[in-house]
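Chemist: have a look; sequence and predicted model below, questions after that.
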Amino acid sequence: MPFTPAYSMQALKYFYYDIGNKLWNDYGFADCFRETHNWYTKSHLPIDQGPVIVLIENYRTGLIRNLSIKISDVQNGLKKLGFKSKQVKE
């Protein structure tokens, strides 16, 4: 989502709507699959699910970025890395 939002959203919709019954259940997306071999695991790894939820929400609303950018340690780190802040007029 953060690097290729348009393509990622296309893939997400394909996974959910087109092959969802094989890949999706009450716990979210299955851990892995290989569509060309009609192989879909039934396992789920919570460590994989968390980042997916965070990235989708950040794509939808920008909430995660907007909250994290207010943290002084994040601001200091970005400055040290050479990032410059854009002043937004409200």
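Modeler: Yes, it's here. These figures come from a predicted structure and were not determined experimentally.
Chemist: quick one: the strands in the protein?
Modeler: 24-25, 28-29, 33-34, 39-40 (DSSP state E).
Chemist: what would the ones you listed look like in a markdown table with mean neighbour count and distance to Tyr59?
Modeler: Any C-beta I mention is one placed from the backbone N, CA and C, and that applies to glycine too. Output for the strands of the chain, formatted as a markdown table (neighbours: other Cβ atoms under 10 Å; distance: least, Cβ to Cβ, whole Å):
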| stretch | mean neighbour count | distance to Tyr59 |
| --- | --- | --- |
| strand 24-25 | 14 | 18 |
| strand 28-29 | 16 | 16 |
| strand 33-34 | 12 | 22 |
| strand 39-40 | 13 | 25 |
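Chemist: so for Ile64, which of these sits nearest?
Modeler: strand 28-29 (17.9 Å; Cβ to Cβ).
Chemist: same question for the closest one, mean pLDDT?
Modeler: For strand 28-29, mean pLDDT is 80.
Chemist: which strands and helices lie in contact with it?
Modeler: Applying 3 or more Cβ pairs under 8 Å, 6 or more residues apart in numbering; DSSP states H and E, we find strand 28-29 packed against helix 46-61.
Chemist: need the contact list for the residue nearest to Leu45 when sequence neighbours are not counted.
Modeler: Nearest residue to Leu45 in three dimensions, chain neighbours excluded: Asp31, at 4.9 Å (Cβ to Cβ, 6 or more residues apart in numbering). Contact analysis of Asp31 by Cβ atoms under 8 Å, 6 or more residues apart in numbering lists Thr41, Ser43, His44, Leu45, Asp48.
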